[in-house]
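Engineer: Next one to model:
(2 chains)
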Amino acid sequence: MKPTNTADPEYFHKVVDCQYACPAHTPVPEYIRLIAAGRYSDAYLVNWESNVFPGVLGRTCDRPCEPACRRGRVEEEPVAICRLKRVAADFKGEVKQRMPQAPFAKNGKKIALVGGGPASLTVARDLAPQGYEIHLYDAQDKGGGFMRSQIPSFRLPESVLDEEVGYVLDLGIDAHFNHYVESLKDLLAKGYDAVFVGSGAPRGRDLNIPGREESAANIHIGIEWLANVAFNHISKIGRRVIVLGGGNTAMDCCRTARRLGGEEVKVLVRSPFADMKASPWEIEDAIAEDIPILDNHVPKEYVHENGQLKGVRFEKVKAVYDDKGKRTLVPTGEDLVFIEADDVICAVGQENSFPWIERDLGIQFDKWDVPMVDKLTFQSTLPKVFFGGDAAFGPANIITAVAHGHQAAVSIDLFCQGKAVGDRPAPGTKLVSTKMGIHEWNYDSQVADDARFAVPHAPKDKTLKDRKMEVELGFDLQTAYKEAERCLNCDVQTVFTEKLCIECDACVDICPTDCINFVTAEEDEAALRAKLRVPAKNDSQDICVSAPVATGRIMVKDENVCLHCGLCAERCPTAAWDMQKFLYSVTKASQVLKAG
Amino acid sequence: MTYIKPSFRHPELPVNDLGYTKKAYEGAISTLCAGCGHDSISGAIIQACFELSIEPHRVAKLSGIGCSSKTPTYFLGNSHGFNSVHGRMPSIATGANMANRDMIYIGVSGDGDTASIGMGQFVHAVRRNLNMMYVVENNGCYGLTKGQDSATADIGSQTKSGAPNLYEPIDLVTLALDLGATFVARSFSGDKEQLVPLIKAALSHRGFAFIDVISPCVTFNNTGKSTKSYDFVREHIEATGKMDFVPMKEEITTEYEPGNAQDVTMHDGSVMRFLKLDQEFDPTDRRATYNALQDAKEKGDILTGLLYVDPASQELHEVIQTSQKPLRTLTESELCPGQKALDAINAGLR
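Structural biologist: Residues are numbered from 1 along each chain as shown, chains lettered A, B, ... in the order given. Predicted coordinates:
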């Protein structure tokens, strides 16, 4: 095997599992250290630069970072990354003065954004300070898009959303609220240099089974119903409620129903419990609010009498997996199950919808009637029109929308300068030694033993009575500090310099997790992985291979469960190992916050 | 700031027959200099005890004074330990061993602790064939007192002080052979592949098992003109052979070319399989060992590996026919057998 090229920005980036897994590549360990140091405003701004909505995401993010967290591979639970982000937002001081201050010198370019959700707001945030004139159109009367209409207030208080949407709009964005864009053609005719479509996936899927029409008055489409609740158009629901679906929208629907008078709320899912799409913590929260989840139930019929919904009839199924792991739901043959209900909320998915885009503008749509969008540049087949967020590739989540927004902003910026949008600037990287003294590093190298701390909840008897009362209370500062100390600082990299190594084995002996090996070389990576002290079986984690040292052997480090404790470097007599902090900044249109 | 070893270990660490991972055999974090050879020897002892599935409570670690003698703190943290007076570890080991023959005794000493202040003690432990493993962590200098030349430093070898050593070195391996040692080996802290099987064999040997381990002192004696530096040892190391240690309960499965392998069966039925590098060499032939050592010396090589073993060794308890049981398990009736037993003894003397 050839020595690993650690100069490739993606090598060390991949070692920072959380940051690598984050669609927006937020430098997680960096802000967690700032939280531990009590620098909440700085921690907030590191987030704001990267993901624009730290307060919102600290409550609602799908947290792809947490399943990736290395801590989860050495003990039970990952670091509570998401809730630490909220700590930064909750305890920050004045941050607005540190953000770019409008007005900005104009660069003469004009951009339209369709939709006021996270993708569009990210484009606006990235481009406004560059002098772009930005017009944002949204049908609602406030910005935020689905963050406002779909996420219930008991998970995301309106004040938090208003504040963070406000930071963006205050960058001199020309917002046109209560303005539904009916025609892209008309919009293009207004002479914009580029148009960004961040209109989400606004159509909730319906379930057309017998009885649908007759029971229409008591059957609600999940995302529409949530929006109606958010905008105070709906304030009540029947006593017995069935929620159909197993995703996060279903969890939001059932919990909202509990707050609007639903006393017997049940969730019914087609799939087995383990296959539910909802995040495990959202499922837990629903169960904690006395909402049973019945799995393996396929709805067959809305049962009604005289135009009045009586309930839903279900067929019981079981999941059967073929050799390739493909699942089929097979009826068990048991009798159909009837469950009574006064109302049914149907949360079985949502999809894109572009009735307002004329099909003769040069924007190509695929066979599912979804526009064809480049995965890297977010450009459509009409060069000046870009897509992002759910509008680009279907429903995902807020952090994905933000990531799209950053990349679309890069493209729009290049496009407006007449440059090729495929010619992306490189990501930023910094690699700096953390050595302060013989046993001193400028990070807390000691690995804390604490198990993950739980976020306290407000009492259920209170939260179920007020749909706007936030359930999660957030960490207090002492708990936040302890939780922050659980972070393994995976961005502090173990950097090995072959020519300094005297092969004393000190690093091999001290490494608590047996990551470091000196072995004879192998051509084949699998053979090399197999012969390590503890064979490197996790192929999703790289091994770092050095050039030969004096005896001709090579150093092989399995990155998988390295604790980044720095002991290899502390026990190295020649500083062949060093702990160096790696900061990866994803390619963006510009660094919005100035360094320092 | 650390000096604290994290408590997490690799989740896929292998477990031994007792169900323990290597963690059960670790000790406190080392306070020796970074890169000290002694730490690697501690690592090798941990690995050997883990692989032999030794119950930690059956081990007594004994040492004198010096950097080497600090190391029992850094391995087998769940075992017994006695850090004795400088050079007096053999006395303590002898006493302990006489009182309880069921324990496994690991003595760790240094070149100062053994070849200077403790020489008078060391030689008697060897000639009595005390049942223990005696490891000398040999770095050719007094590291704990800033690197003065020790009695094992070669003529002309220079520590960091820059003055060449003027005196003949004591070769502990030859000395041990002369005194009738029944297990003699030499190794290098930087070669665990050799050291770990040697330690396993030494721990299984009945009698005095001596291992002289060259262990570079990175702080004072890892210079370009030292004969105990990492580089010098690597350049001059020669091995008598490669050794596998196969515990009694395991079947020998590895196949070797005929003629090269020599099996030495230990008293407990374990087998040391010795792969010769030199056809002439036989580790059960004391004379062959002398010759090999002399040849290596003439060539300027450092001969390592298993040098001599006497599988029929009679250890001290057997020689002086002591109690079969540890003294602490003897009851009053055994210790005071009464008038009848006395009469029988007296009758035997008439």
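Engineer: SS state for the residue in the stretch 1-150 of chain B that chain A sits nearest to?
Structural biologist: Of all residues in the stretch 1-150 of chain B, B:Gly35 sits closest to chain A, at 2.8 Å by CB to the nearest CB. For the C-beta atoms, the positions are set from N, CA and C on the backbone; glycine is no exception. Secondary structure state of B:Gly35, per DSSP: H, G, I helix; E, B strand; the rest coil, is coil.
Engineer: Who's the closest spatial neighbour of it, skipping the chain neighbours?
Structural biologist: Nearest residue to B:Gly35, sequence neighbours excluded (CB to CB, 6 or more residues apart in numbering or on different chains): A:Pro573, at 2.8 Å.
Engineer: wait, what's in contact with the one you found?
Structural biologist: For A:Pro573, the contact set (CB atoms under 8 Å, 6 or more residues apart in numbering or on different chains) comprises A:Ile502, A:Cys504, A:Ala506, B:Cys33, B:Ala34, B:Gly35, B:Val218, B:Thr219, B:Asn222.
Engineer: Now rank these by neighbours and give me the top one.
Structural biologist: Counting neighbours by other CB atoms under 10 Å in any protein chain shown, A:Ala506 comes out on top of the contacts of A:Pro573 with 30 neighbours.
Engineer: And the residue lying closest to A:Glu340 once chain neighbours are set aside, how far from A:Met251?
Structural biologist: Sequence neighbours aside, A:Gly311 is the residue nearest to A:Glu340 in space, at 4.1 Å (criterion: CB to CB, 6+ apart). Using CB to CB, to the nearest Å, one obtains 21 Å as the distance from A:Gly311 to A:Met251.
Engineer: on that earlier part again, is it correct that the residue of the stretch 1-150 of chain B closest to chain A is in contact with A:Cys568?
Structural biologist: No. In this structure, B:Gly35 is not within contact of A:Cys568 by CB atoms under 8 Å, at 11.4 Å.
Engineer: What about residue 22? Give its phi and psi, please.
Structural biologist: I'll assume chain A. Per-residue torsions, A:Cys22: phi -70, psi 130 (degrees, to the nearest 10).
Engineer: right idea, wrong chain: chain B
Structural biologist: Dihedral angles for B:Lys22 - degrees, to the nearest 10 - are phi -60, psi -20.
Engineer: In three-state terms, label the residue of chain A found nearest chain B for me.
Structural biologist: In chain A, the residue that lies nearest chain B is A:Pro573 (2.8 Å; CB to the nearest CB). With three-state DSSP as the basis, the three-state label of A:Pro573 is coil.
Engineer: Quick one, grab the pLDDT at it.
Structural biologist: As predicted, A:Pro573 sits at a pLDDT of 94.
Engineer: What's the separation between it and A:Thr494?
Structural biologist: 16 Å.
Engineer: Relative to A:Trp225, how far out is the residue nearest to A:Glu340?
Structural biologist: 18 Å.
Engineer: what's the answer for B:Glu280, then?
Structural biologist: Distance from B:Glu280 to A:Trp225, counting by CB to CB: 91 Å.
Engineer: Residues in contact with both of B:Gly35 and A:Cys568, list them for me.
Structural biologist: A:Ala506.
Engineer: tell me the secondary structure for whatever residue of the stretch 201-350 of chain B ends up closest to chain A?
Structural biologist: In the stretch 201-350 of chain B, the residue that lies nearest chain A is B:Val218 (4.4 Å; CB to the nearest CB). State at B:Val218, reduced to three classes by three-state DSSP: coil.
Engineer: and A:Lys326, how many neighbours does it have?
Structural biologist: With other CB under 10 Å as criterion, A:Lys326 counts 8.
Engineer: Turn the contacts of A:Pro573 into a markdown table, columns for pLDDT and distance to A:Ala527.
Structural biologist: Below are the contacts of A:Pro573 laid out as a markdown table (pLDDT from 0 to 100; distance: CB to CB, whole Å):
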| residue | pLDDT | distance to A:Ala527 |
| --- | --- | --- |
| A:Ile502 | 94 | 27 |
| A:Cys504 | 94 | 26 |
| A:Ala506 | 95 | 27 |
| B:Cys33 | 94 | 36 |
| B:Ala34 | 92 | 32 |
| B:Gly35 | 93 | 30 |
| B:Val218 | 95 | 33 |
| B:Thr219 | 95 | 38 |
| B:Asn222 | 95 | 34 |
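Engineer: Could you single out the nearest of these to A:Glu164?
Structural biologist: B:Ala34 (47.9 Å; CB to CB).
Engineer: tell me which element the spatially most central residue of chain B is part of?
Structural biologist: Computing the C-alpha centroid of chain B and ranking residues by CA atoms, centre = their mean puts B:Val135 first, at 3.1 Å. Per DSSP states H and E, B:Val135 falls inside strand B:132-138.
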